[in-house]
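Student: Generate a structure from the sequence data that follows.
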Amino acid sequence: MGDSHYVLGVDIGTGSTKSVLFDRQGTVIAKCAIAYPILSPTPTTAEQNPDEIFAAVIKTVRHVVQQINPANIRCLSFGSAMHSLILM
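Tutor: This is a model prediction of the structure:
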């Protein structure tokens, strides 16, 4: 891929984490998604395992970055589920 520069977007959603690597023209270079469950131990609760979410972030980012020289990433952007805050 030469001296190209890239943008990496990571979407940490309620059902999966998705990472997408773009070049400067907006072309998708690589993408990866890993799903995880929403846990409902009672009818009135919905929870997620933060360790599973973190592992999905690491795995999806690692997968897409393997396609290029990571030193050429110029921007990394995270988005998370709805109005929640997930610290990575």
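Student: Okay, buried residues for the lowest-mean-pLDDT helix or strand in the chain please.
Tutor: When each helix and strand of the chain is scored by mean pLDDT, DSSP states H and E, strand 73-80 comes last, with a mean of 92. For strand 73-80, a neighbour-count test (16 or more other Cβ atoms under 10 Å) marks 73, 80 as buried. In this view, the C-beta of every residue, glycine as well, is placed from N, C-alpha and C.
Student: Residues touching that strand, excluding its own?
Tutor: 5-13, 65, 86, 88 (Cβ atoms under 8 Å, 6 or more residues apart in numbering).
Student: Would you show me how to pick out the buried ones of these in PyMOL?
Tutor: Listed next is the PyMOL selection for buried residues among the contacts of strand 73-80, using 16+ other Cβ under 10 Å:
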select buried, resi 6+7+8+9+10+11+12+13+65
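Student: Tell me which of the contacts of strand 73-80 fall in strands.
Tutor: Assigned to strands by DSSP state E, the following of these qualify: 6-12.
Student: my guess is residue 65 contacts residue 20, does it?
Tutor: No. Using Cβ atoms under 8 Å, residue 65 is not in contact with residue 20, being 11.5 Å away.
Student: Right, I'll leave it there.
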